[in-house]
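J.: All I have is the shape, not the residue letters:
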DNA sequence: CGGGCACTTGAATCATCTCAAGGTTTGTGG
DNA sequence: CCACAAACCTTGAGATGATTCAAGTGCCCG
């Protein structure tokens, strides 16, 4: 009887030790033995497809999730039914941090493309952190950096023009892609214009028009969701000074 | 020789144990013995006057600061010289959290009125937290709640009208005053119109006009920095649905 | 009492939004 | 492989809320 060779992803062991985003994730700064212990509590659920939810706003908080591949958006549903995108998340980033303080997830997280995560049951993670100072410190750093990141987003929405917001957004993405070993100058957006607009506090039409303008000025090429940045310096110079 | 009775504030022992904002601050959830140990590492610098800086953006991160009395604003200075207010902070809240991840304070904190703080040298605090799980957990909670709080601010700036933003801002302040045993319906703003405008991503004039309108509609009275809320329910109903 | 700062009010302008139509890509079923 | 529908995106013209610029008021502190 011939044995058919297939890969059963649910049994593939993708240890933290050999994970490509290890340096951006929880294990950063941990020694091999500590990573092994961290690995012991990680669950690796089957991949999510585009549009599927990792967790929903209001669900009981149990785990943090580390993104292994793919990307997510977090979004908040208002009492009046309005939806707001709070952020976009790439491999190595942790999701669910805001739920820790209140016992419930404060926003929903849904996959923007096929995505895989590591689930970190928080009670076990906390117990381990109490045993491993290096892990504990890494958790502090991650929480703190998330605060910094959210505050940068606040700056973005404050008083900047549509052009400044979009330029800042693209440069931020570009930098994060680069950290992950991808091209900083050419990439595909995994989110729709509507998502970008919502995140930046603008309308879909304004995003579209602004893309057109940036392209007309020769700063970048846009085709659908494919972006190629031609002039990073000039794009950067747009950010932060426009009211002149 | 007659002894003159004066209070030397620098020697007054204001232990965490007897601090009025204990329940909102780090000691929350700690038992008496743990609070005593926490108390052991707290420094209590002399009070700051209105306008004085607690720390400046870019300063080396050394301590977290717990507000004992008075209020602060945190603000970020852009490369182009523009200034943005990131938040307003009341007694019991911790300042400097975003600095922890990068080793430098990410924003400046300045006193809005006469204010006193507790300084918590972070290396010592971290060492103590590694010894006291309850303190460690409380730090997680505080960091996480700050993330939630910043995300709420993001929602505010997203797509809301001037009226919605100001109403949300006032209700948020009102609630925080109430938590501190003050009146939820009547209070003094410690920040200027300019600060509020900057925080809400609006102009000073728009804030002024919006106050006038809310007063005209009978929702509240404003006189200079004194606010009295007449109709909390109607104010609350303004929030979240305006585009109708 | 006077000077300065914080705040209010008004009128014109402008960036973005809204509404509406048209175009392009993607996936689906014949 | 083509026809079709559904998303998604682009573009245009007109409406609008907030900004800008400008003047005026009132409060606080020296």
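T.: Right, received. Where do you want to start? No experiment lies behind these values; they were computed from the predicted model shown.
J.: so what's the backbone phi/psi at the residue sitting nearest the centre point of chain A?
T.: In chain A, the centroid-proximal residue (Cα atoms, centre = their mean) is residue A:89; its distance is 0.9 Å. Note on residue A:89: backbone dihedrals following degrees, to the nearest 10 are phi -130, psi 130.
J.: cool, residue A:114 as well?
T.: Torsion angles, degrees, to the nearest 10, at residue A:114: phi -60, psi 130.
J.: That one contacts residue A:52, correct?
T.: No. Counting by Cβ atoms under 8 Å, residue A:114 stays clear of residue A:52, with 9.3 Å between them. (Each C-beta comes from the backbone N, C-alpha and C, glycine too.)
J.: Residue A:166: helix or strand, and which one exactly?
T.: When secondary structure is defined by DSSP states H and E, residue A:166 falls within helix A:162-179.
J.: May I see the buried residues of that helix?
T.: Across helix A:162-179, burial judged by 16 or more other Cβ atoms under 10 Å in any protein chain shown covers A:162-174, A:176-177.
J.: circling back: quick check: beta-bridge partners of the residue nearest to the centre of chain A?
T.: residue A:72 (DSSP bridges).
J.: who touches it in this structure?
T.: A:67, A:71-74, A:95, A:109 (Cβ atoms under 8 Å, 6 or more residues apart in numbering or on different chains).
J.: Tell me the most packed of those, by neighbour count.
T.: Using other Cβ atoms under 10 Å in any protein chain shown as the neighbour test, the contacts of residue A:89 are led by residue A:72, with 27 neighbours.
J.: what separates that residue from DNA strand C, distance-wise?
T.: Distance of residue A:72 to DNA strand C, given as Cβ to the nearest atom of the strand, to the nearest Å: 19 Å.
J.: Residue A:114 is in contact with that residue, correct?
T.: No. Here residue A:72 does not reach residue A:114: they are 11.4 Å apart, not a contact under Cβ under 8 Å.
J.: sorry, back to before: of the buried residues of helix A:162-179, just say which sits nearest to residue A:139.
T.: Proximity of the buried residues of helix A:162-179 to residue A:139, judged by Cβ to Cβ, is greatest for residue A:176, which lies at 20.6 Å.
J.: Let's see the pLDDT reported for residue A:10.
T.: With respect to pLDDT, residue A:10 has a value of 51.
J.: Also residue A:153?
T.: The predicted local confidence for residue A:153 comes out at a pLDDT of 95.
J.: does it really touch residue B:158, like I thought?
T.: No. Taking contact to mean Cβ under 8 Å, the distance of 10.3 Å between residue A:153 and residue B:158 leaves them out of contact.
J.: where do the strands sit along chain A?
T.: Remark: strands of chain A, listed N- to C-terminal, are A:53-55, A:63-69, A:72-77, A:83-89, A:94-95, A:108-111, A:116-121, A:186-188, A:220-223, A:226-229; assignment by DSSP state E.
J.: Need the residues that contact the second one.
T.: Counting contacts by Cβ under 8 Å, 6+ apart, the residues outside strand A:63-69 that touch it are A:14, A:19, A:21, A:25-26, A:43-44, A:47, A:54-55, A:89-97, A:100, A:109, A:114-122, A:125.
J.: just to revisit the earlier point, and which of the contacts of residue A:89 is nearest chain B?
T.: residue A:74 (8.6 Å; Cβ to the nearest Cβ).
J.: what's near enough to touch that closest one?
T.: Taking Cβ under 8 Å, 6+ apart as the contact definition, residue A:74 lies against A:85-87, A:89, A:95, A:107-109.
J.: Can you pull out the low-pLDDT segments for chain A?
T.: A:1-13, A:241-244 (pLDDT under 70).
J.: Now with 50, please.
T.: Per-residue confidence for chain A (pLDDT under 50) gives these ranges: A:242-244.
J.: In chain A, which helix is the longest?
T.: Criterion DSSP state H: the longest helix present in chain A is helix A:133-159.
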